[in-house]
Structure formats: structure tokens, C-alpha cells
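Trainee: Here is my input, please return the structure:
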Amino acid sequence: MTADSAASPKAHKLWGGRFATGPAADFDALNNSIGVDFRLWPHDIRLSVAWAQALAGAGVLTHEECKDLENGLHGVARRLEAGELPGPGDEDIHTLIDRLLHAEVGEVASKLHTGRSRNDQVATATRMWVMDACAKLGRAARELQAVIVQRATELETAIMPGYTHLQRAIPVSAAHWLLSYFWPLERDRGRIRVAARGAASLPLGSGALAGCAYPISRDLLRDALGFESVSPNSIDAVSDRDFVAEVLFVCALMAAHLSRLAEDLIIYGSSEFGFVQFGDAYSSGSSMMPQKRNPDALELTRGAAARILGDHVSLLATLKGLPSSYNKDLQDDKRALFDAVDTLSLVLPAVSGALGEMKFRKDRMRSAVSSTMMATDLADYLVRRGATFREAHGAVGTLVRRAETEAVELSALPQSAFAEAHRFFAQDVLQALEPERSIALRDVAGGTGPGAVRQQLEAARAAIKA
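Mentor: Model (predicted):
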């Protein structure tokens with residue numbers, strides 16, 4: 001046996017009987033996943049307790065052996081809670097728990113793995129972790145929604161430019177703009193719930209790929225571990241990572257929504273816009289320029305979206321080339337999963353905090369609304385007096401061109417200019433250039449009108465109470 005291939009004398013592996021030598025050190029470095037999957041230990045303990053009970057129900061363990069294993073697993077949990085760390089020979093979290101269980105209860109620990117494979121074991125623990133993670137992400141998204149509703153309520157009567165192509169388009173309620181980020185998060189929360197249900201199919205009892213050879217009750221395992229169903233096919237059960245892909249998709253899409261909100265706020269916080277003023281707690285300064293307040297929390301949110309998207313793509317790229325059943329490539333699913341969920345778990349409260357502390361400059365928002373933004377309202381003015389919209393569009397376009405040429409606002413043009421543009425323009429035409437009137441006219445459901453925004457706020461409040 002060479003130095004490179006020599007296994008540690010304290011190595012505690014769940015396999016190796018058919019091997020003449022231990023694994024090479026550099027293979028161990030590649031193969032071992034304990035640095036990633038250590039966090040699964042609470043779920044692995046829970047499923048192991050349930051598995052011991054299932055084995056007892058199948059007559060594989062005596063009542064006393066089952067109790068010894070349960071007590072031993074609880075002892076392992078206490079040791080891990082107290083901070084016990086993996087050793088150099090611990091290949092993964094399952095190996096670590098098995099080693100500690102042997103230390104707690106002795107040789108009876110060797111019976112726990114009867115009828116079970118790490119393939120169905122890790123799939124079960126990962127699904128349990130995902131169900132918990134979905135609940136936490138849903139709560140964090142809901143907390144951000146609550147901040148959005150609070151700030152939108154404060155902005156209900158504020159007027160700001162609405163933008164398309166990042167060009168001033170038409171006036172909108174500032175609350176209406178901010179609530180446009182509430183509803184994507186509401187859809188995200190719905191997708192989180194769907195992803196959690198997708199994870200709630202129990203793979204335990206599938207063995208390595210062909211099922212368990214002992215008459216364990218998978219229905220009892222399902223109920224004991226909080227799953228909703230039992231996997232119908234053991235080959236699919238050990239290799240299915242659709243639930244991970246679904247969670248990563250939800251994370252990537254939610255991160256994209258947060259990135260867009262961050263981008264809006266970053267732009268609106270620039271001196272050129274000045275619609276918002278960033279607070280101190282979620283900003284940083286410059287090491288050279290004393291006057292700077294940089295929206296770093298929002299910029300990091302924007303950057304995080306790219307990494308989470310990469311996590312999603314990396315998993316799909318892994319899955320698309322695999323043959324059926326379990327393959328070791330799947331060990332990397334948790335790197336992408338944990339990174340995406342960890343990152344989003346940091347981003348959501350940071351965006352909530354940054355949005356909650358910033359100051360909205362209603363005066364700057366209102367002053368950015370120019371009369372030219374009511375060009376559509378001018379066209380509608382003509383339509384209400386009998387013109388076709390095509391005809392009205394052309395007439396107003398002529399006025400806009402003249403205002404640009406003379407470097408004035410539409411409202412500064414003389415009455416004669418309107419009369420020349422179209423015979424239907426009358427003395428009250430300037431009323432059509434008032435932003436309050438423009439907003440008031442758009443009071444249809446889902447619009448920016450005052451009544452519609454009030455209804456939208458009520459619907460948003462109801463959504464976060466549900």
C-alpha cells in the first residue's frame with residue numbers, strides 16, 4: 001500500500017469490503033462531501049430515527065434495539081448541536097452520523113443501515129431540507145412584501161414619471177410603481193409553495209435503486225417525516241432532482257425580480273433623478289470620496305441574481321447528460337442548492353431593510369413630471385371630441401415636434417399652436433396637460449387611478465395576511 005492510497009486508520013466508511021486498498025488521498029479530496037452536506041444532519045437524524053422504527057415494525061430490529069438506536073441518534077444530535085465537527089475520515093454527513101452512533105451505542109448501530117442506501121437517504125434528507133428552506137424563503141418574501149405595502153401606502157398620493165425604455169412616458173402614482181414589485185413577489189411565493197409540494201414525495205425505502213427487501217411501511221415513514229406522498233418508482237426516486245431544479249428556478253426568478261427593483265432604486269437614488277435618498281444602515285461610503293453614500297446592498301442584490309442564475313443553469317447542465325438511476329454527479333446538486341438559498345436568504349432581508357429606511361423625495365418625483373408626458377392625454381382629448389386616434393396621434397405629434405424645436409413644454413405653446421394642429425382643440429385644452437387629471441382618468445381596475453390604487457393596496461394587504 002502506497003502513501004497516496006493509504007486510508008486513515010480511523011476512517012469509518014459505509015463501503016469498502018471489496019476493495020484491497022483504501023482510496024487515494026486526492027480521490028478522497030474530490031469525493032468527500034462533508035464540507036457541503038454537513039448541514040443536513042438534523043434531517044438525517046430524523047429520518048434515521050424513523051427508519052429504525054420502520055425496521056422494528058418490519059421485524060428486523062427488536063424493540064430494545066430500536067430504542068437503543070433512537071437514544072443513540074438523539075445523543076449524536078446533542079453532540080452535533082454542541083459543536084462536534086467532522087473528522088478527516090468522515091466522507092459525508094451519513095458516514096459521520098454512523099461513526100458517532102457507533103460511539104454512542106456500539107455494534108447495534110451497524111443494523112441501522114439494513115435495507116437502506118445512501119442514495120435514498122440523501123434524497124430524503126435533501127427533500128426535507130428543501131421543504132424547510134421553502135418555508136423560510138416564503139416568510140422572508142412576505143416580509144419584503146409588507147415593507148413594499150407600507151411604503152406604497154405612504155406614496156399613495158405621490159406622482160412620478162412612468163417610464164418605458166427608461167424614457168419618460170406618462171405620469172403614474174408612485175404607489176402604483178412600487179406595487180409593481182409586490183405582485184411578482186406574490187407569484188414567487190406561489191411558486192415556492194409549489195416547489196415545496198414537489199419536494200414532499202418520500203424516496204426513503206427505495207434503496208439503492210430497486211426498493212427495500214424488507215417489509216417496511218413507507219406510508220408510516222411518509223407520515224412520520226411530514227411528506228405528502230410516497231415515490232412511485234424507486235429508480236426515479238433516487239435520481240430525481242426535479243425538486244432541486246424547481247427551487248433553483250424559483251430562487252433565480254425571485255432574484256431577477258429583486259435585481260430589477262434594486263436597479264430602479266439605484267437609478268432613482270442617483271443625483272440626476274433624486275427620487276430616493278438612501279439610508280445609512282444599508283449603504284457604504286467611499287475610501288477616497290467623503291461625500292459618497294453608495295447603495296451597496298442594492299448593488300449586491302443585483303450581482304447575486306447572476307450567481308443564483310448560474311446555480312440553476314449548472315444543475316440543469318448536470319442533469320441533462322445523466323443515465324438513469326443514481327450517479328455521483330448528483331452529489332453536486334447541494335452545492336448549487338445551498339448557495340442559491342443561502343444567497344437569497346441574505347438578499348431578501350437586505351432589500352427589505354434598504355427599502356424600509358430610504359427616504360422618498362415626493363417633490364423631486366413631482367417636479368420630474370413634464371407636460372409633454374401628457375401627449376397621450378392630448379390625443380385622448382381629441383378622440384373624445386370625435387377625432388380618430390390615428391388622426392389625433394398625428395396632430396399631437398406635430399405639437400410635440402414644435403415644442404422640441406422651440407425648446408419649451410407643451411403647456412408653454414400658444415393657443416394658436418393647438419388650433420393650427422387640430423380644429424377640435426378648444427380653450428380648455430391645457431386641462432388635459434395636468435398630471436393629476438391624467439392619473440384620475442386611468443381609474444380602471446389595475447390602473448394608476450386613485451380608486452384603482454386603493455383597491456390594489458387592499459388586495460396586497462389581503463395577500464400578505466393569507
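Trainee: Every contact and neighbour count from this point should use C-alpha atoms.
Mentor: OK.
Trainee: Doesn't Tyr163 lie inside a strand?
Mentor: Yes. Inclusion of Tyr163 in a strand is indicated when DSSP: H, G, I helix; E, B strand; the rest coil is applied.
Trainee: Quick check: bridge partners of it?
Mentor: Taking DSSP bridges, one obtains Arg168 as the residues bridged to Tyr163.
Trainee: And it, how close does it get to Ala305?
Mentor: Distance, Tyr163 to Ala305, using Cα to Cα, to the nearest Å: 23 Å.
Trainee: When these two are compared, which one has more neighbours?
Mentor: Just comparing Tyr163 and Ala305: by other Cα atoms under 10 Å the higher neighbour count belongs to Ala305, 25 against 13.
Trainee: If you count neighbours, what's buried in the host helix or strand of the more buried one?
Mentor: Under DSSP states H and E, the secondary-structure element containing Ala305 is helix 296-319. Residues 297-299, 301-302, 304-305, 307-316, 319 are the ones in helix 296-319 that count as buried (16 or more other Cα atoms under 10 Å).
Trainee: Now do the helix or strand just after that helix: which elements does it pack against?
Mentor: Under the assignment DSSP H and E, the closest C-terminal helix or strand after helix 296-319 is helix 333-357. Contacts defined by 3 or more Cα pairs under 8 Å, 6 or more residues apart in numbering; DSSP states H and E place helix 333-357 against helix 34-37, helix 118-154, helix 242-268, helix 296-319.
Trainee: Tell me which of those lies nearest to Ser371.
Mentor: helix 242-268 (20.4 Å; Cα to Cα).
Trainee: Now do that closest one against helix 296-319, angle only.
Mentor: 150 degrees (axes from the mean of the first three to the mean of the last three Cα atoms, to 10 degrees).
Trainee: as a whole number, average confidence for whichever helix or strand comes after helix 242-268?
Mentor: Reading on from helix 242-268 to the C-terminus, the next helix or strand found by DSSP H and E is strand 276-277. For strand 276-277, mean pLDDT rounds to 96.
Trainee: ok, back up a step: could the helices and strands packed on helix 333-357 go into TSV alongside distance to Asp236?
Mentor: Formatted as TSV, the helices and strands packed on helix 333-357 follow (distance: least, Cα to Cα, whole Å):
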stretch	distance to Asp236
helix 34-37	22
helix 118-154	10
helix 242-268	10
helix 296-319	13
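Trainee: Lowest average confidence across these, which one?
Mentor: Of all those, helix 34-37 has the smallest average pLDDT, which comes to a mean of 92.
Trainee: buried residues in that helix?
Mentor: Neighbour counts over helix 34-37 (16+ other Cα under 10 Å) mark 34, 37 as buried.
Trainee: Export it to PDB, keeping only CA atoms.
Mentor: Output in PDB follows, covering the C-alpha atoms of helix 34-37 (Å, rounded to 0.1, in the frame of the first residue of the first chain):
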ATOM      1  CA  ILE A  34     -18.900  16.500   4.300                       C
ATOM      2  CA  GLY A  35     -18.000  20.200   3.800                       C
ATOM      3  CA  VAL A  36     -21.200  20.700   1.900                       C
ATOM      4  CA  ASP A  37     -23.700  18.300   3.300                       C
END
